[in-house]
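# when you get a sec, could you give me coordinates for this:
(one chain, ligands or ions: 1)
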Amino acid sequence: MSGLEAEPAVAAQLFGERIELARRFTADLAREGETRGLIGPLELPRLWSRHVLNSALVAPLLRAGRVGDVGSGAGLPGLVLAIARPDARFVLIEPMERRVDWLVEEAEALGLDNVEVVRARAEEARLAEPLDQVTARAVSALSKLIPLTVPLLRSGGELVFMKGARVDDEVIAAEKQIRKARLTDVRVELLGEGVVPEPTRVFRATRP
Ligand SMILES: C[S@@+](CC[C@H](N)C(=O)[O-])C[C@H]1O[C@@H](n2cnc3c(N)ncnc32)[C@H](O)[C@@H]1O
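Numbering: from 1, shown residues only. As a prediction, the model looks like this:
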């Protein structure tokens with residue numbers, strides 16, 4: 001596992017008593033991520049800071065309810081959040097078979113009984129119950145992501161999307177979709193500044 005970033009000290013603070021599971025997830029992803037096509041070869045030196053800690057920043061925003069993660073891929077942020085928030089239930093929605101296989105195997109290996117994996121595109125997912133919140137990271141621009149994900153939410157449910165530095169432009173470009181979905185409490189928050197090496201922006205909005 002040469003080249004894997006050393007665990008930043010703040011990791012233990014963010015994960016608390018769940019840190020051992022976060023270590024196992026990160027080690028498993030470092031070992032298998034590239035060969036299974038989950039992460040690129042350049043990600044090992046920043047696996048903790050750019051991916052794992054960055055995903056964990058969303059944990060305090062979640063309710064102790066039913067949270068969907070659309071386009072989970074390697075489990076970012078879905079598996080990380082399921083580790084950090086054992087009091088919430090997670091539905092990981094991912095269409096690609098090999099990624100679904102990884103998500104199922106890894107949730108089982110880590111003993112995460114708060115995780116369900118659904119193989120589907122978000123727009124085709126037929127869930128047993130509507131979701132309280134939906135997360136997504138690096139899936140698509142807001143203008144596409146909003147119409148795909150709002151139907152998965154219950155009334156009062158919330159979108160919590162991890163976004164890059166250009167999120168404000170994305171919000172402007174998605175004005176029509178935001179209006180059409182009648183989203184309320186629309187805002188962008190910066191998380192983790194001064195706490196983690198790579199802070200993240202989140203787009204939050206509520207379905208009426
Ligand atoms: C760039 S990857 C990001 C994966 C992960 N969220 C991360 O941050 O590393 C995008 C993921 O979204 C999935 N995806 C693309 N379109 C989707 C859709 N319509 N519904 C659900 N997942 C989708 C892809 O299969 C892929 O796993």
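# and the longest strand along the chain, how far from the chain's centre?
Using DSSP state E, we find that the single longest strand of the chain is strand 153-163. Centroid separation for strand 153-163 versus its chain: 12 Å, with C-alpha atoms, centre = their mean, to the nearest Å.
# buried sites along that strand?
Using 16 or more other C-beta atoms under 10 Å as the test for burial, strand 153-163 gives 153, 157, 158, 159, 160, 161, 162, 163. C-betas here are computed from N, CA, C, even on glycine.
# same deal with stretch 21-33?
Residues of stretch 21-33 classed as buried by neighbour count (16+ other C-beta under 10 Å): 21, 22, 23, 25, 26, 28, 29, 30, 32, 33.
# let me see the backbone angles for the most centrally placed residue in the chain.
The centre of the chain sits closest to residue 77, judged by C-alpha atoms, centre = their mean, with a distance of 2.5 Å. In terms of degrees, to the nearest 10, the main-chain angles of residue 77 are phi -90, psi 0.
# ok, it touching residue 160?
No. The pair residue 77 / residue 160 is not scored as a contact, 9.3 Å apart, by C-beta atoms under 8 Å.
# overlap in contacts, these two.
Counting by C-beta atoms under 8 Å, 6 or more residues apart in numbering, the residues touching both residue 77 and residue 160 are 58, 135.
# tell me the SS of residue 132?
The three-state label given to residue 132 by DSSP: H, G, I helix; E, B strand; the rest coil is strand.
# whoops, I mixed them up, residue 195
coil.
# just confirm residue 55 is within a helix.
Yes. Membership of residue 55 in a helix is supported by three-state DSSP.
# mind listing what it touches?
76, 77, 80, 81, 137, 162.
# swap the cut-off to 10 Å and go again
14, 22, 69, 74-81, 83-84, 135, 137, 162, 200 (C-beta atoms under 10 Å, 6 or more residues apart in numbering).
# ok, so of the buried residues of stretch 21-33, who is nearest residue 107?
residue 25 (9.8 Å; C-beta to C-beta).
# okay if I get the buried residues of stretch 21-33 as JSON lines plus pLDDT and secondary structure?
Formatted as JSON lines, those follow (pLDDT from 0 to 100; DSSP: H, G, I helix; E, B strand; the rest coil):
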{"residue": "21", "pLDDT": "98", "secondary structure": "helix"}
{"residue": "22", "pLDDT": "98", "secondary structure": "helix"}
{"residue": "23", "pLDDT": "98", "secondary structure": "helix"}
{"residue": "25", "pLDDT": "98", "secondary structure": "helix"}
{"residue": "26", "pLDDT": "98", "secondary structure": "helix"}
{"residue": "28", "pLDDT": "97", "secondary structure": "helix"}
{"residue": "29", "pLDDT": "97", "secondary structure": "helix"}
{"residue": "30", "pLDDT": "95", "secondary structure": "helix"}
{"residue": "32", "pLDDT": "95", "secondary structure": "helix"}
{"residue": "33", "pLDDT": "94", "secondary structure": "coil"}
